[in-house]
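Peer 1: Got a predicted structure plus its sequence, pasted below:
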Amino acid sequence: MGVFTSLDPQTIPGLIKRNAERWSDKAAMCYKNLGVWHRYTWADYFTSVRHFSLGLLSLGLKTGDVVAIIGDNEPEWFWGEFAVQAAGAIPTGIFVDAVPDEVKFVVNHSGATFAIVNDQEQADKFLEIRDAAPQLKKVIYWDPKGLKNYDDPLLIGFIEVIAMGREYEKNYPGVFEEKLSRVKPADTAFIYYTSGTTGQQKAAILTHKALIATASGFVTRYPLDQKSDLISNFPAAWVGDSFFATIPHILSGARLNFPEEPETIAADTREIGPHFAIYGPRQWEGIVSDIQVKMMDAHPFKKLAYKAFLPVGYRLAEAKLSGVEPNIFWKSLGRVSDGLMFHPLKDKLGLSRVRWAVTGSSVLALDTFKLIHAIGIELRQNYASTEAGFIASHGQGDIAFESVGRPALNTEVRLTNEGELFVRSDCMFSGYYKDEAKTKESFAPGGWFKTGDAVNINEAGHIIFLDRLKDMGELKSGVKFAPQYIEGRLRFSPYIKDAMVLGDKDKDYASAVINIDFAMVSKWAQNNRLNFTTYVDLSQKKEIADLVSKDVARVNSFLPENSRVKKFVILHKEFDPDEAELTRTRKLRRGAVYQKYADLIEAMYGERKDVVVEAPVTYRDGRKGVVTTSIKVRGL
C-alpha cells in the first residue's frame, strides 16, 4: 500500500523518484490513444521526467524561470510539469480552450520563457502572440500532427527535447541529481491562474509543501493504494487536478488513467472500472441529465422500472445515511432494484465498481446529490479552494446532503460575526504572483486566510456552504437568500442547463436568467410536435416557457415565500466562457453577465414585457447569420 510518511521526499519530483525506485515495473499511467491503452511504468515515467528536464536545461532553462503548459490531459502534460519542477523552474497552466488573448495574458504576466503545448492548435496560439511575448525562447509540442511543414525556429518537438536531454546527461553526468537536490518544500511548485469570477485572473503561488499537504489530507479521507485507479478528467491547468488526482496518485502509487477524448470519458471509464471517481458538480449534473435523457427515450418497461425503483433507492440511501438498518423487505427490494435497474445503469456510466465518489469545486445541487446516492453510488462532497487548499469533506458514514463535511485533518476554521469563513493550515497558498497588495488583503492577523465564503457550522461540526459572501442576495425587505443554492436546484431540471439568480437591496423580489438545455428541450419539442428552427427560436416559444416555469415553481416550493423567484427570462443563447460569461471551469462570472444583460435584468424589475436583442445563429445546414429576437419576461 502506498502511504506517504514524513520520511519520504517533501517535493513532487522527489516523490516521483522515490516511486521509480520503490515500484519500478508497476504501472503508473495508462493512456488510451487510437483505441489502444498504453501502459507506462514508474521507471518509464521518471525517465521521461529526467530526460525532458535535462533537455530543458540544454535549451537554456534557468532556475526560477516560468514555463507555460497548455493541452489535453495526456502523460506529456505531467511529465513536462514535473520536469520543470525538477530543474528548479516553475510551471503554470493555461486552460486548453483559452483564446490567444488569454494565452498572451498568462505568458506575459508570468514572464514565461518556454511553453509546452499539445498540438498544432495550441502551437498556433503562441505563434500568433510571439511578437507580444519576445521573452519566449521555445515552444515545445508533443503531438506533431499538422506541424510537419512548419519551419519555425521557435518550435521544437517533445521527443527531440528528450533526445537532447539524453545527450546532455552524457556530457554532464550527475547534473539532474544536483538540480533535484536543490528543490525544497518551500519552493514554488506551480502558479495557478484562478478562475476569475470577479474579473481579471489572479495568479496563486503554491509550494511543494502546500500541494503535498493538501493531497495528503485528501488521501487520509479517501485511502488509495497501488491497486486504485484514478481518472484524469479535471483540466490539468486547474488546481483541483493536483489536489484530487495527480498528487494523490504520486503519494499513493495509484494508477492515473487518461481517456482518449473528453467525449469518450464515460466509455473509457467503463473499460477501466475504477473503484474511485471524482467529477466536478457540472459533470455530476451532466451525468444526471444523461440519465434523464436516456429514460425519456427508454422502452416503456424500463421507464416504468425506473419510476418504480427510484423511490426504493431514495429510501435505502436515506436509511444508510441515517445509520438505520433496513428490514429484510427493504433489503430484498434493494437487491432486486439494483440487479434490474441500478447496476446496469452504473455499468453504462462506468461506475459499477466505484466504492465512493467525490465532488468538489462548487456546491452540488441537492437533488443531484440525492439521486446519485439513490442509484447506489456513495458520493461525498469536498470543499477546497486554490488559496486555502483542502478545507473540508464528508467522511465514512458521515455524509449530510446539506453540508460540505467536517474540516480536514490539521485544518483550522473560524467563523466571523459576518458569517465569513477563515481558514488556517499547511495547505494554503503563499500569495498572489506580482500582487503584494492583494495578498496582504487576503489574510487576517494570525495567518488566517479570508475565504470570502458565507457559511454556517452546525452542532455536528459540519460546514454548511451558503454562497460567496459578496454574492449573497439581500432584497429591499432585508430578506437574505443564497443564489447558488437556488441555481443548483434549477439545474437539476432536465430542461435547464444553467441559471443566474438575481436580487439586491433595491429590488423587491428575486429573478432569474435561464439557459435551456437544447438537447433535452429540442427532444421534448419533437416529441410534442412543436416546430422550431434554431436555439433562438426554440428558447422563446411559449410552450418552452411553460415547461421551464413548472421547474421554477418546483424550486420555489423549497424556498421561503419572500425569497422565491418571481420573474425569469430564457436567454437566447448559452452562457459562454469565450464571451467572459463563464470561467474556464464553468463558474458564472456574475458581474460580466449582469453588465452584459443589464436591459434584460432591469426589464424583470419594471413594466416591460420584452427586450429586443440581436443574436448570431447557426442553422442546421451550417449557415450562419444574425437574427433579431424579442426575449420575453415571464412571471410566476
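Peer 2: Great, that's in hand.
Peer 1: what's in contact with stretch 144-161?
Peer 2: 52, 55-56, 59, 76, 80, 116, 119-120, 123, 126-127, 130, 136, 138-142 (Cβ atoms under 8 Å, 6 or more residues apart in numbering). To be clear about C-beta, it is placed using only N, CA and C from the backbone, and glycine gets the same treatment.
Peer 1: Okay, and which of those map to helices?
Peer 2: 52, 55-56, 76, 80, 120, 123, 126-127 (DSSP state H).
Peer 1: Reformat those residues as TSV; add pLDDT and neighbour count.
Peer 2: Shown next, in TSV, are the ones in helices among the contacts of stretch 144-161 (pLDDT from 0 to 100; neighbours: other Cβ atoms under 10 Å):
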residue	pLDDT	neighbour count
F52	98	27
G55	98	26
L56	98	27
E76	97	24
G80	98	28
Q120	96	16
A123	97	25
F126	97	26
L127	97	16
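Peer 1: Out of those, which is nearest to K320?
Peer 2: E76 (42.2 Å; Cβ to Cβ).
Peer 1: Beyond the helix or strand of the chain with the lowest mean pLDDT, next helix or strand please.
Peer 2: Least confident element among the helices and strands of the chain, by mean pLDDT, DSSP states H and E: strand 610-618 (a mean of 76). Using DSSP states H and E, the next helix or strand after strand 610-618 towards the C-terminus is strand 624-635.
Peer 1: For that next one, buried residues please.
Peer 2: Within strand 624-635, the residues that count as buried by 16 or more other Cβ atoms under 10 Å are 629, 631-634.
Peer 1: Distance check, the residue nearest the centre of the chain against A357.
Peer 2: Taking Cα atoms, centre = their mean, the centroid of the chain lies closest to G280, which sits 4.6 Å from it. Using Cβ to Cβ, to the nearest Å, G280 is found at 12 Å from A357.
Peer 1: what do you get for Y192?
Peer 2: Taken as Cβ to Cβ, the span from Y192 to A357 is 24 Å.
Peer 1: Which one's more surrounded, these two?
Peer 2: Higher neighbour count among Y192 and A357: Y192, with 26 against 20, using other Cβ atoms under 10 Å.
Peer 1: Contact partners for that one?
Peer 2: Y192 touches 92-93, 203-204, 206, 237-239, 386, counting by Cβ under 8 Å, 6+ apart.
Peer 1: can you redo the residues you listed as JSON lines with distance to I375 and pLDDT?
Peer 2: Converted to JSON lines, the contacts of Y192 look like this (distance: Cβ to Cβ, whole Å; pLDDT from 0 to 100):
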{"residue": "T92", "distance to I375": "39", "pLDDT": "98"}
{"residue": "G93", "distance to I375": "34", "pLDDT": "97"}
{"residue": "A203", "distance to I375": "40", "pLDDT": "96"}
{"residue": "A204", "distance to I375": "36", "pLDDT": "97"}
{"residue": "L206", "distance to I375": "36", "pLDDT": "98"}
{"residue": "A237", "distance to I375": "32", "pLDDT": "94"}
{"residue": "W238", "distance to I375": "27", "pLDDT": "91"}
{"residue": "V239", "distance to I375": "30", "pLDDT": "92"}
{"residue": "T386", "distance to I375": "32", "pLDDT": "93"}
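Peer 1: Make JSON lines from these and add distance to A305 and neighbour count to it.
Peer 2: Formatted as JSON lines, the contacts of Y192 follow (distance: Cβ to Cβ, whole Å; neighbours: other Cβ atoms under 10 Å):
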{"residue": "T92", "distance to A305": "50", "neighbour count": "27"}
{"residue": "G93", "distance to A305": "44", "neighbour count": "25"}
{"residue": "A203", "distance to A305": "51", "neighbour count": "21"}
{"residue": "A204", "distance to A305": "48", "neighbour count": "24"}
{"residue": "L206", "distance to A305": "48", "neighbour count": "23"}
{"residue": "A237", "distance to A305": "42", "neighbour count": "25"}
{"residue": "W238", "distance to A305": "38", "neighbour count": "21"}
{"residue": "V239", "distance to A305": "41", "neighbour count": "27"}
{"residue": "T386", "distance to A305": "43", "neighbour count": "20"}
